[in-house]
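**Q** build me a structure from this.
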Amino acid sequence: MPHPPYYLDTGYTKVGADKVTDSARIKILDEAARDRYLAIQRDNLAADWKAETGAAHAAQRTPESAAAWQQATDAYKESHAAMGDAAEKFGEKAAEYHHSPRIIPSSKSEPYSARRMAMTSSISYDSRRRPRSRSRGQE
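**A** Purely as a prediction, here's the structure:
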């Protein structure tokens with residue numbers, strides 16, 4: 001039996017999809033969850049394909065096996081990025097259509113641009129240059 005989570009408050013109440021009362025909101029959340037699930041499945045298939053072609057190339061060492069491995073690697077990179085995007089969109093939808101309306105019924109969605117985010121962040125954003133990292137030994 002797993003240990004109970006220690007980070008939950010004593011008054012914690014689990015809130016799932018059954019707490020969403022608006023059918024339009026639940027439809028949006030279901031679609032976002034489905035998109036995330038499918039992105040994960042696609043990523044798993046691409047990871048398996050990459051592993052199989054990598055093993056085949058290690059055994060064969062031919063130009064054809066190298067090309068197949070490269071094709072699988074490219075597909076995996078694309079699917080992995082898409083999976084991350086789908087997870088991010090799912091989180092945004094959950095916040096917008098599930099958490100915020102439940103906590104603050106009068107809440108409304110507003111676009112959040114990179115410039116606005118930079119203004120509220122402790123890290124400054126300048127699109128013209130990349131941030132410099134400190135080298136070892138520099139203080």
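**Q** okay, CA-based contacts and neighbour counts for the rest of this
**A** Fine.
**Q** flag every buried residue along stretch 71-83.
**A** 72, 73, 75, 76, 79, 80, 82, 83 (16 or more other Cα atoms under 10 Å).
**Q** how far away is residue 93 from residue 35?
**A** Residue 93 is 12 Å from residue 35, where distance means Cα to Cα, to the nearest Å.
**Q** show me the helices in this structure, by range?
**A** 23-60, 63-94, 100-103, 114-120 (DSSP state H).
**Q** could I get those as CSV with distance to residue 2 and mean pLDDT?
**A** CSV is the format used below for the helices of the chain (distance: least, Cα to Cα, whole Å; pLDDT from 0 to 100):
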stretch, distance to residue 2, mean pLDDT
helix 23-60, 26, 93
helix 63-94, 26, 94
helix 100-103, 30, 60
helix 114-120, 39, 53
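**Q** how about the closest residue to residue 89 other than its chain neighbours, what does it touch?
**A** In this structure, residue 89 finds its nearest non-sequential neighbour in residue 32, 7.1 Å apart by Cα to Cα, 6 or more residues apart in numbering. Listed by Cα atoms under 8 Å, 6 or more residues apart in numbering, the contact partners of residue 32 are 86, 89, 90, 93.
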